[in-house]
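Participant: Task: produce atomic coordinates for the following.
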Amino acid sequence: MAVSIYTQIKKALQDVVAPELKEIKGNIKSLETEIKRLDDKITVEAKRIDDKIKALEGKMMSEIKRLDDKIDGMCKQLEIAIEIRERLKAVEAKVGII
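Facilitator: You can find the predicted model right below:
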């Protein structure tokens, strides 16, 4: 009698729980597939963003170099202007203009 009740409960559980478990496994498989798809998409987007950042970084470094060169040129011109001013001042002092 006990075996019969055990068998009936086991069969009932298998009839009710087994299909549910199979459905849950299918849902998990679908979720895993979706997660993989989203992960791949994120990876592609991250690479695209990284490439854009690298391109912008290159442009910014180029622009910084250009501005640095321009500032260096302006500093050199300023040094020359100061030197000319000092020489002019010395010449004016010798001539007695001041």
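
Participant: Now I5: which helix or strand?
Facilitator: Following DSSP states H and E, one finds I5 within helix 2-95.

Participant: Let me know the average pLDDT across that helix.
Facilitator: Mean per-residue pLDDT for helix 2-95: 93.

Participant: starting at the chain centroid, how far to that helix?
Facilitator: Its chain's C-alpha centre and that of helix 2-95 lie 1 Å apart, by Cα atoms, centre = their mean, to the nearest Å.

Participant: CA atoms of stretch 18-27 as CSV?
Facilitator: C-alpha atoms of stretch 18-27 as CSV (Å, rounded to 0.1, in the frame of the first residue of the first chain):
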residue,chain,number,x,y,z
ALA,A,18,8.3,17.6,-15.0
PRO,A,19,6.6,19.6,-17.7
GLU,A,20,7.0,22.8,-15.7
LEU,A,21,10.7,22.0,-15.2
LYS,A,22,11.0,21.5,-19.0
GLU,A,23,9.3,24.8,-19.6
ILE,A,24,11.6,26.5,-17.1
LYS,A,25,14.7,25.0,-18.8
GLY,A,26,13.4,26.2,-22.1
ASN,A,27,12.9,29.7,-20.7
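
Participant: What residues of that stretch count as buried?
Facilitator: Under the neighbour-count criterion of 16 or more other Cβ atoms under 10 Å, stretch 18-27 has nothing buried. Placement of C-beta: from N, CA and C, glycine included.

Participant: got the contact list for that stretch?
Facilitator: Residues outside stretch 18-27 that contact it (Cβ atoms under 8 Å, 6 or more residues apart in numbering): none are found.

Participant: Over to stretch 35-55?
Facilitator: With Cβ under 8 Å, 6+ apart, stretch 35-55 has no contacts at all.

Participant: when you give positions from now on, start the count at 735
Facilitator: Shifting the count to begin at 735 puts that one at stretch 769-789.
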